[in-house]
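> Give me a model of this one.
(one chain, ligands or ions: 1)
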Amino acid sequence: MSGDVDHSWITLSSEALGKNVELIRERVGEDKMICACVKANAYGHGLREIVHQLVAFGIDWLSVFEVSDAVLLREQGIDVPILILSPVSEEQIGLCIKHELRFLVVEESQFEQISSAQDELGLPAYVHIPVETGMGRLGFFPSQVEDVLVAAQQQGIVVEGLMQHYATGDEKDSEYFRTQQMVFECLLDSLDQMGLTPEIIHAENSGASLIHPTISRSNLVRVGAALYGFEPSNEVTEILERNSQSLTPVLEWKSQLVSVKNLPPGMGVSYGATKVLEHETRVGVVPVGYYDGYDRGLSNTGWMMVSGKRCPILGRVCMNMTMIDLSEVPEASIGDEVTIIGEGIRLEQMAELLDTIPYEICTRIRESIHRKIV
Ligand SMILES: Cc1ncc(COP(=O)(O)O)c(C=O)c1O
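Numbers count the residues shown, from 1 in each chain. Modelled structure (predicted):
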């Protein structure tokens, strides 16, 4: 026993996750496989907890950023295909082959290393080639792809997948999206004619899958946000609402009051005394702060929920504690539950307060906070 108590905890709703998987399936159709994006600790939700549920729901593929995450999942008996969404180093190639991990190649010179690793291990590598159609990040330009595929073939390498990533997939009327899509589809047409098209084609993230579910010829979608039940953009929500559909948030982050007391008018609250009380105020202390991933930008702007009522943040968020105004819940006392993210305070609302995206908020929640599937 360490003697520590959980100052806060996270619950993950299996029902919500299942609903989101169903919604994605419904929108993209049964003929597209779903690759769940579980990088960054499953967007801060908890890699192990989320993956085991997803596999139970019959998810087809998983994608991570770190090879070590993929190896950990294999060690836990996860046997669905796993795609590494980053280039891998020479040292990692053997590990990927041994664990049947799919990985990206962004330098033609790597084919030689892959080929000798295959020979050494007597096992095939499964390579995916990213195409640079406008994200300005990873991949070969469309004009290079034919040569790349031929070079791989010559080295005895199976290119299993061809992918691209949309820069504006979460926008409804984006010319940029259409251009990226057209460039990719033209490339596929010409590869078809040469008999070079890989077996798996993937392009859409959550936004693109939900807004433009059927227009592309991909057979696998890579989705993160939609699975966790937060919106990639307002436009996605509008489109879903039009179809009477909605995403269901999976994560709830809770804590409890560790101190409650009345503070007099004129007293400042927290560092810098940026909040000076105008009248006597019932103030609660929540043992969660920026160390836990509760953003300091929420100082004097955010709120937490107690007994279904909004309790504004008073003063600056500290490293391990945050003070809240309990005026709306005068009966609140030590030990009462506090919702940090969940009913009454969604990731999207927090993101708006912080002028950022929900992705940034959930991925920053401290990894060691206890997560439980309910
Ligand atoms: C290459 C790639 N594909 C898919 C995704 C999933 O995106 P989303 O969470 O918007 O579905 C990401 C996320 O960052 C990504 O980098």
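> just the strands in the stretch 51-200 of the chain please.
Applying DSSP state E, counting those that start in this stretch to the stretch 51-200 of the chain gives strands spanning 61-64, 82-87, 101-104, 126-130, 158-163, 200-202.
> Can you add mean pLDDT and give those strands back as CSV?
Listed next are the strands of the stretch 51-200 of the chain as CSV, based on pLDDT from 0 to 100:
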stretch, mean pLDDT
strand 61-64, 98
strand 82-87, 96
strand 101-104, 98
strand 126-130, 97
strand 158-163, 96
strand 200-202, 97
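> Please tabulate these in TSV and include mean neighbour count as additional columns.
From N, CA and C alone the C-beta is placed, and that goes for glycine too. Output for the strands of the stretch 51-200 of the chain, formatted as TSV (neighbours: other CB atoms under 10 Å):
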stretch	mean neighbour count
strand 61-64	24
strand 82-87	20
strand 101-104	22
strand 126-130	21
strand 158-163	21
strand 200-202	22
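> which stretch among those strands comes nearest the ligand?
Closest approach to the ligand among the strands of the stretch 51-200 of the chain is made by strand 82-87 (4.9 Å; CB to the nearest ligand atom).
> Contact residues of this protein facing the ligand?
Contact residues (CB under 6 Å from any ligand atom) of the chain with the ligand: 37, 85, 165, 205-207, 222-226, 232.
> Can you name the residue of the stretch 1-150 of the chain nearest to the ligand?
Counting by CB to the nearest ligand atom, the stretch 1-150 of the chain gets nearest the ligand through residue 37, at 4.0 Å.
> Let me see the confidence value for that residue.
Residue 37 carries a pLDDT score of 98 in this model.
> Can you point out the buried residues in the lengthiest helix in the chain?
Longest helix of the chain, by residue count under DSSP state H: helix 175-193. Buried residues in helix 175-193, counted by 16 or more other CB atoms under 10 Å: 177, 180-181, 183-185, 187-188, 191.
> what inclination does it have with respect to strand 158-163?
Interaxial angle, helix 175-193 versus strand 158-163 (axes from the mean of the first three to the mean of the last three CA atoms, to 10 degrees): 150 degrees.
> Please determine how far residue 259 is located from residue 321.
9 Å (CB to CB, to the nearest Å).
> more neighbours, those two?
Applying other CB atoms under 10 Å to residue 259 and residue 321 shows that residue 321 carries more neighbours, namely 18 against 12.
> Was I right to think the more buried one contacts residue 284?
No: counting by CB atoms under 8 Å, residue 321 stays clear of residue 284, with 10.4 Å between them.
> Closest one to residue 325 out of the buried residues of helix 175-193, please.
Using CB to CB, residue 177 is the member of the buried residues of helix 175-193 that lies nearest residue 325, at 43.5 Å.
> What ranges does the protein have for its helices?
Using DSSP H, the helices of the chain run over 14-28, 39-43, 47-56, 67-75, 90-98, 110-121, 142-154, 175-193, 206-211, 225-228, 234-242, 347-353, 358-363.
> how far is the last one from where the chain is centred?
What it means is helix 358-363. 8 Å (CA atoms, centre = their mean, to the nearest Å).
> CA atoms only for that helix - export them in CSV, please.
C-alpha atoms of helix 358-363 as CSV (Å, rounded to 0.1, in the frame of the first residue of the first chain):
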residue,chain,number,x,y,z
PRO,A,358,-10.8,19.1,-27.6
TYR,A,359,-8.0,16.8,-28.7
GLU,A,360,-5.4,18.9,-26.9
ILE,A,361,-7.4,18.9,-23.7
CYS,A,362,-8.0,15.1,-23.4
THR,A,363,-4.5,14.1,-24.5
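> and stretch 41-60, what's its mean pLDDT?
96.
> actually stretch 142-151, sorry about that
Averaged across stretch 142-151, pLDDT comes to 97.
> ok, residues contacting it?
105, 108, 111, 129, 131-133, 140, 159, 162, 183-184, 186-187, 190-191, 194, 196, 198 (CB atoms under 8 Å, 6 or more residues apart in numbering).
> Could I get the buried residue list for it?
For stretch 142-151, by 16+ other CB under 10 Å, it's 142, 145, 148-149, 151.
> Quick one: low-confidence residue ranges for the protein.
Residues of the chain meeting the criterion pLDDT under 70: 1-2, 214-215.
> Please parse it into its domains.
Per the record, the chain has its domains at 14-242, 251-345, by automatic domain parsing.
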